[in-house]
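>>> Build me a model from this:
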Amino acid sequence: MAYPQLTREPGALATAAAIRAGTLSAVAAVEAAISRIAERDAEIDAVAVPDFERAVAAARALDAAGPRGDQPLFGVPMTIKESFDVAGLPTTWGHPRFKDQVAPRDALLVRRLKAAGAVILGKTNVPVDLTDWQSFNPVYGRTANPHDPARSPGGSSGGSAAAVASGMVPCDYGTDIGGSVRVPAHFCGVWGHKTTWGLVPKHGHEFPGQSRREGFIAAADGPLSIAGPLARNAEDLAVLTEVGAEVPLRRRPKPLKACRLLALTDLPGAPVDASVRGPTEAALEALARAGVAIDRTSALLPDIAAHHRSYLRMMNITMSGGAPGPDGTRATASDWFSLMNAQATCAVQWEALFETYDFVLAPPAPVLAVPHDEKAVFRGTIPIDGVEEPGGKGLVWAGLATFPGLPATVLPIGAGTYLGSTLPCGMQVIGPRWADLDCIAAAAAIGDVLHG
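Purely as a prediction, here's the structure:
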């Protein structure tokens, strides 16, 4: 089943090309995006912090200056996840106590996007503390999935994916530690890319209050978490990744038929619902018919269960800032070094696997877009083939790429029916460290096979 598309609005590069060609101005592109937000966001609630007046002013300045060769996003209207600082706008992470505190400066990624010609229209909604596969909070309310308003758009970059899927903006930038870019892309039927850890800086993406302190400078990105783009096509993903990158990325183009792929659909402790398994198997069958070599098992695969346990512990320590866990104990320095060793071992094992395989294919999550719930997904259960499973089991699929720091691109592959609603389904294409552009290219080639 083809994946449902809600818009035919042009993407980021197509918009920039029209502006360069003189058939569209930056102001017209920005004003059209603002109009789409006004028309569509009342039901979706994706754009939490609009910044329209300054966006129009920025677009006028771009039109007056004209495009430069180093501005691939010239005049492109876009949004960014609420958790990134934008000078003059609040950064709350969903906490009411921060709603009147404005950021004094742009996050480094925001500065890079603006330097590339992008116009920031505002910030998109998140769950409290960025810790849910839903996107609602007491400051900005609940974001709905544009395919079914009764469903979640995912999280924590749910507002980002909803804004892109609905056609309000061509692209957005989110963050991902537990699938927070990949799951919203999967739930909303758009493209998303989890970058190699450390590739895109997250300076200016600190918990509110930290970046407001006098003299505070973020010296390092947090463990596991990355910044990554969402868009409606692979070409836009690649450019957004390059714009944000700390270092030039390599490209090693290889035809899909010359690649050897490993597809993972069965992992210990990670059941997958039929609504995801069906489109995934159909996609794998289509690739096989097209002559793509796909293995379903490999002795090279690391010990996923053991590494998942380490991933969960490292993520919990990271996201809590080292605070005591539910049992009241706090991780020691020895505990942390053990986790770092486990992570290094995991990375080496994946590197060995990629000596044989070019890419690994897997579901981004075990289910399609979940119904809204007042309780966080990870604090409840999710129905998988009629059985209520702990929500945390879904993190196995996110952790595949997160724990070893690998890049992973999510592309829409089709649709399935989950709990009575027909919804988009995605697939993640995981590759070696620093092979971000190759992952995106492979996902694009897979998309060409599946959708022509």
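>>> Which strands or helices does the least confident helix or strand in the chain by mean pLDDT pack on?
Of all helical and strand segments in the chain, the minimum by mean pLDDT, DSSP states H and E falls on helix 304-320, at a mean of 95. Counting contacts by 3 or more CB pairs under 8 Å, 6 or more residues apart in numbering; DSSP states H and E, helix 304-320 is packed against helix 333-353, helix 395-402. Heads up, the C-betas are built off the backbone N, CA and C, glycines and all.
>>> can you list those in JSON lines and add distance to S310 and mean neighbour count?
Conversion of these to JSON lines gives the following (distance: least, CB to CB, whole Å; neighbours: other CB atoms under 10 Å):
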{"stretch": "helix 333-353", "distance to S310": "4", "mean neighbour count": "15"}
{"stretch": "helix 395-402", "distance to S310": "9", "mean neighbour count": "26"}
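>>> Among those helices, which comes closest to P96?
helix 395-402 (27.8 Å; CB to CB).
>>> Name the residues of the very next helix or strand once past the closest one that are buried.
Counting by DSSP states H and E, the next helix or strand C-terminal to helix 395-402 is strand 408-418. Buried residues in strand 408-418, counted by 16 or more other CB atoms under 10 Å: A408, T409, V410, L411, P412, I413, G414, A415, G416, Y418.
>>> Ok, stretch 8-20 next?
E9, P10, G11, A12, L13, A14, T15, A16, A18, I19, R20.
>>> For the fourth one, give me the backbone phi and psi.
Spelled out, it's A12. For A12, the backbone dihedrals are phi -70, psi -50 (criterion: degrees, to the nearest 10).
>>> tell me the pLDDT at it?
The confidence metric pLDDT takes the value 98 at A12.
>>> mind listing what it touches?
By CB atoms under 8 Å, 6 or more residues apart in numbering, A12 lies in contact with L73, V76, M78, P170, C171, A231, D236, V239, L240.
>>> for the residues you listed, which one is nearest R251?
The closest of the contacts of A12 to R251 turns out to be V239 (CB to CB; 13.0 Å).
>>> give me the number of residues near the closest one?
23 (other CB atoms under 10 Å).
>>> residues in contact with the residue sitting nearest the centre point of the chain?
The centre of the chain sits closest to V181, judged by CA atoms, centre = their mean, with a distance of 1.6 Å. The contact partners of V181, taken as CB under 8 Å, 6+ apart, are S157, S160, G174, T175, G192, H193, K194, I226, G228, P229, L230, V410.
>>> list the contacts for the first one?
Just to be clear, that refers to S157. So S157 contacts 81, 124, 126, 135, 172, 174-176, 180-181, 184, 192, 230 (CB under 8 Å, 6+ apart).
>>> Quick one: end-to-end distance for stretch 161-174.
9 Å (CA to CA, to the nearest Å).
>>> Now do the buried residues in that stretch.
161-174.
>>> and D148, how many neighbours?
D148: 19 neighbours (other CB under 10 Å).
>>> Would you agree it is in contact with S421?
Yes: counting by CB atoms under 8 Å, S421 is a contact partner of D148 at 4.9 Å.
>>> if I look at the two, which residues touch both of them?
Shared contacts of D148 and S421, counting by CB under 8 Å, 6+ apart, come down to A369.
>>> what's the distance between the closest residue to L312 other than its chain neighbours and A238?
Among residues not flanking L312 along the chain, L395 sits closest, at 6.8 Å (CB to CB, 6 or more residues apart in numbering). Note on L395: its distance to A238, by CB to CB, to the nearest Å, is 27 Å.
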